[in-house]
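1. Build me a model:
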Amino acid sequence: MRELRSATEEPAERAGGPLTADAATRAVVRILGEVLDARMSEAYDVDAVFAREVAGRVSAFARRGGKRLRTAFAWCGWRAGGGSGDPVPLLRTGAALELVQTCALVHDDVMDGSHLRRGAPAVHVDLARLHRAEGMAGSAETFGHSAAVLAGDLALAWADDLMTDIVLDSPHGPRVYREWRAMRGEMVAGQYRDLQAQAAGASGVDEALTIATLKSALYTVERPLALGASLAGADEPVMTALRAAGRCTGLAFQLRDDLLGAFGDPAQTGKPVGDDLRARKLTYLLAVALELGRASGDEEAVALLSPGSATLPDRAVEGVRAALERTGARDEVEAKIAELADSALRHFDETGAPSAVRREFAALVARASGITTGCVREAV
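-> Predicted structure coming up:
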């Protein structure tokens, strides 16, 4: 398997359009900034306190950014679907996806009780600090949680406003809207299934995959690819291939995130490591480890990994990590990620996208999955 070249090595002209995926991602940062400036101005017209304490935090969080993968995948979908010419609708769609991601992460941190996000205090933690600093009455934690829910709602409202403008201006507006509407519903379904699994003490591999698909794979990759392709008016065979490629990539992305949540470095991930293990949260990694532990008769692993109402003490987290290694779950998940990444490339090839776009998609798959580029075949 040959090593992938970076997509940025291909001149934009040879890529068949004015932008590469990387250039589109950089352009979205500028467009997102313009959108946020306009929303902040509107927020101050409504109420200065709301603008400063809620809208300002939404804006700062969105600007701080993450991988911006959704924009890059939307661009690949657009190009694979025959998109060319004016990229602004696609770039504005990327900005809307970043705002949806802001909503999802703010709410997710509240539900998971996470304290750190993107290397800074989570929004609900920051708002609780504001409560204490201002000497407000009542519980700082309750205030922080409640205000963070509103902040996430605001981010989603801004995303919807932006997509409404895009849909109304697009000749393919109804198709684009159907993808957007489906994505929002899937996000909520995934978050609920995550909460429900934790409360019900679920531990099955199939349930873990269902949650990973709904909560992450669809809205991280499959729907962004489909949104981009819909803006280009792609035909159904291309859409089918993109959906399959996106689902495989999205699952690989989530399984990598599970591994980073267990074994990663907070300095690199920007969020705590070990929280899912401490809570014995249902992930594919834990479900596979529990299944392997039961099959091998590893009673210690089964006891550590089985769902429970009590949060594990910090000293037990290392034991969970050891069980993930000892049962072979970590290696099995790594193998699953590689399999998914390779399948994603095969499905994307079926779109008939230009070779430059296939190379860019392959580089994104490697980035999302964490698979060393030499282990993922080169798109040609």
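2. Buried ones in stretch 153-160, by neighbour count?
-> Judged by neighbour count using 16 or more other CB atoms under 10 Å, the buried positions of stretch 153-160 are 154-156, 158-160. Backbone N, C-alpha and C define where each C-beta goes, glycine included.
3. quick one: which two of those are the most distant?
-> Within these, 154 and 160 form the most distant pair, 10.7 Å apart (CB to CB).
4. wait, residue 215 sits on residue 183?
-> No - with contact taken as CB atoms under 8 Å, residue 215 and residue 183 are classed as non-touching, separated by 11.9 Å.
5. Looking at the two, which has the bigger crowd around it?
-> Set residue 215 next to residue 183 and count neighbours by other CB atoms under 10 Å: residue 215 wins out with 23 against 19.
6. If you rank every helix and strand of this protein by mean pLDDT, what lands last?
-> Least confident element among the helices and strands of the chain, by mean pLDDT, DSSP states H and E: helix 266-269 (a mean of 68).
7. can the buried residues of stretch 153-160 go into a markdown table with extra columns for distance to residue 355?
-> Putting the buried residues of stretch 153-160 into a markdown table (distance: CB to CB, whole Å) gives the following:
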| residue | distance to residue 355 |
| --- | --- |
| 154 | 42 |
| 155 | 37 |
| 156 | 37 |
| 158 | 37 |
| 159 | 33 |
| 160 | 36 |
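8. Sitting in strands, which of those do you find?
-> For those, not one is inside strands, with DSSP state E as the criterion.
9. and which of the residues you listed is nearest to residue 352?
-> Distance ranking of these against residue 352, using CB to CB, places residue 159 first at 31.1 Å.
10. just checking, that closest one touches residue 99?
-> Yes - contact criterion CB under 8 Å: residue 159 and residue 99 qualify, at 3.7 Å.
11. which regions of the stretch 251-380 of the chain lie under the pLDDT threshold?
-> Low-confidence segments of the stretch 251-380 of the chain, defined by pLDDT under 70: 267-272, 309-310, 372-380.
12. who touches stretch 147-159?
-> Surrounding stretch 147-159, the residues in contact under the criterion CB atoms under 8 Å, 6 or more residues apart in numbering are 35, 39, 53-55, 57-58, 61-62, 96-97, 99-100, 102-104, 106-107, 109-110, 122-124, 127, 184.
13. what about the closest residue to residue 107 other than its chain neighbours, which helix or strand?
-> Counting by CB to CB, 6 or more residues apart in numbering, residue 107 lies nearest to residue 152, which is 4.3 Å off, once chain neighbours are set aside. Assigning secondary structure by DSSP states H and E places residue 152 in helix 140-169.
14. Between helix 140-169 and the helix or strand just after that helix, find me the angle.
-> Stepping forward along the backbone from helix 140-169, the first helix or strand reached (DSSP H and E) is helix 173-200. Taking axes from the mean of the first three to the mean of the last three CA atoms, to 10 degrees, one finds helix 173-200 and helix 140-169 inclined to each other by 160 degrees.
15. quick one: residue 293 from residue 201, how far?
-> Computed as CB to CB, to the nearest Å, the residue 293 to residue 201 distance reads 16 Å.
16. quick one: which of those two has more around it?
-> More neighbours surround residue 293 than the other of residue 293 and residue 201, with 24 against 12 (other CB under 10 Å).
17. how close does that one sit to residue 198?
-> 20 Å.
18. Likewise for residue 318?
-> Distance from residue 318 to residue 198, counting by CB to CB: 22 Å.
19. which one of these two has more residues nearby?
-> residue 198 (18 against 11).
20. Quick check: closest non-adjacent residue to the more buried one.
-> residue 281 (6.1 Å).
21. Look up how far residue 211 lies from the one you found.
-> Here the distance between residue 281 and residue 211 works out to 10 Å (CB to CB).
22. Same check on residue 149?
-> 21 Å.
23. Residue 129 is in contact with residue 53, correct?
-> No - taking contacts as CB under 8 Å, residue 53 lies outside contact range of residue 129: 11.6 Å.
24. Of the two, which one has the most company?
-> Comparing residue 53 with residue 129 by neighbour count (other CB under 10 Å), the higher total belongs to residue 53, at 17 against 13.
25. Now do the more buried one, the pLDDT please.
-> The predicted structure scores residue 53 at 98 on the pLDDT scale.
26. Can you tell me how far it is from residue 103?
-> Distance, residue 53 to residue 103, by CB to CB: 17 Å.
27. ok, now residue 211?
-> Residue 211 sits 18 Å away from residue 103, taking CB to CB as the criterion.
28. Of those two, which one has the most company?
-> Set residue 211 next to residue 103 and count neighbours by other CB under 10 Å: residue 211 wins out with 28 against 24.
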